[in-house]
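J.: What follows is a predicted protein model with its sequence.
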Amino acid sequence: MTGTRERILAAVRSALGGERRDAAAIAAEAAALLHDPELIRPHLPDRSLVDLFAERVSHPRVGATVERVASVAELPAAVRRYLEAHDLPKAVALQPAPDLQRLDWSGLELHATMAPDEPVGVGIADHGIAEGGTLVVRSGPTTPILSNFLPLHHIVALRAGTILAHLEDYAAVASGEPPPRNLVLITGASGTTDIEGRYVRGAHGPGYLHVVIVGDGEA
């Protein structure tokens, strides 16, 4: 066994080639990159963050759909359109967020809790990240974390003004806030190819994600 280990390590050293670099020099280079994050962040096109987010979250590899509305008051109508388009029952589990509960949900049956086999759940995200079309959801008294995992169809409202360019920007925004018990980053619908190498939707969470962007992001 010892001989085999030495042969493997020798092969690794040979493949790496050259002399071993000084650890202090490597640490200095890493610190320099962290000092100027713009050197390592991906460059984003010179377009509005709302347009970039909508484009990336609806990319086929992400697998979500998007609708844009002018105000949060239009969210119930957007939900009804989604239910009709997918031939779903007019019933949703609604996140207990005051901004959602005060809306006019007439014509829809509302569930106060999220069942394990809930067909449709409606919630609201704290932020969007344009870099990857990612939703950021902080857990809290009005944000049950399982609401993001249990429904087959997950409909999420996102205020355009909360969309940030990069994930690091969210870290900066949240730096002065108490940390949540859970922070969920959602990039598209749930999917996996672990099962016989075939793509399966909804393996670890919602099989369908629909984002309703509210507003245009302008002050």
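T.: Received, thanks.
J.: Report the spatially closest residue to the residue minimising distance to the centre of the chain, excluding sequence-adjacent ones.
T.: Central residue of the chain (C-alpha atoms, centre = their mean): Ile186, 2.3 Å from the mean position. Distances taken as C-beta to C-beta, 6 or more residues apart in numbering put Leu135 closest to Ile186, at 4.2 Å, once the chain neighbours are dropped. Placement of C-beta: from N, CA and C, glycine included.
J.: Neighbours of the one you found, how many?
T.: Leu135 has 27 neighbouring residues, counting by other C-beta atoms under 10 Å.
J.: contacting residues around Leu209?
T.: By C-beta atoms under 8 Å, 6 or more residues apart in numbering, the contact set of Leu209 is Val57, Gly63, Ala64, Thr65, His154, Val156, Ile186, Gly188, Ala189.
J.: For the helix or strand where the fifth one lies, name the packing helices and strands.
T.: Secondary structure from DSSP states H and E places His154 in strand 153-159. Strand 153-159 makes packing contacts with helix 75-85, strand 120-124, strand 208-214 when contacts are defined by 3 or more C-beta pairs under 8 Å, 6 or more residues apart in numbering; DSSP states H and E.
J.: neighbouring strands for it, and are they parallel or not?
T.: With DSSP bridges as the test, strand 153-159 is paired with strand 120-124 (parallel), strand 208-214 (parallel).
J.: Give me the contacts around stretch 131-138.
T.: Contacts for stretch 131-138 (C-beta under 8 Å, 6+ apart): 41-42, 44, 53, 55-59, 62, 64, 123, 125-129, 143, 145, 148, 156, 158, 165-167, 170, 174, 180, 182-188, 211.
J.: so of these, which ones are in helices?
T.: Phe53, Glu55, Arg56, Val57, Leu167, Tyr170 (DSSP state H).
J.: Got a PyMOL select line for the buried ones in those residues?
T.: Buried residues within the ones in helices among the contacts of stretch 131-138, by 16 or more other C-beta atoms under 10 Å, are selected in PyMOL with:
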select buried, resi 53+56+57+170
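J.: Can you pick out the most distant pair from the ones in helices among the contacts of stretch 131-138?
T.: Farthest pair in those (C-beta to C-beta) is Glu55 and Tyr170. Separation: 19.2 Å.
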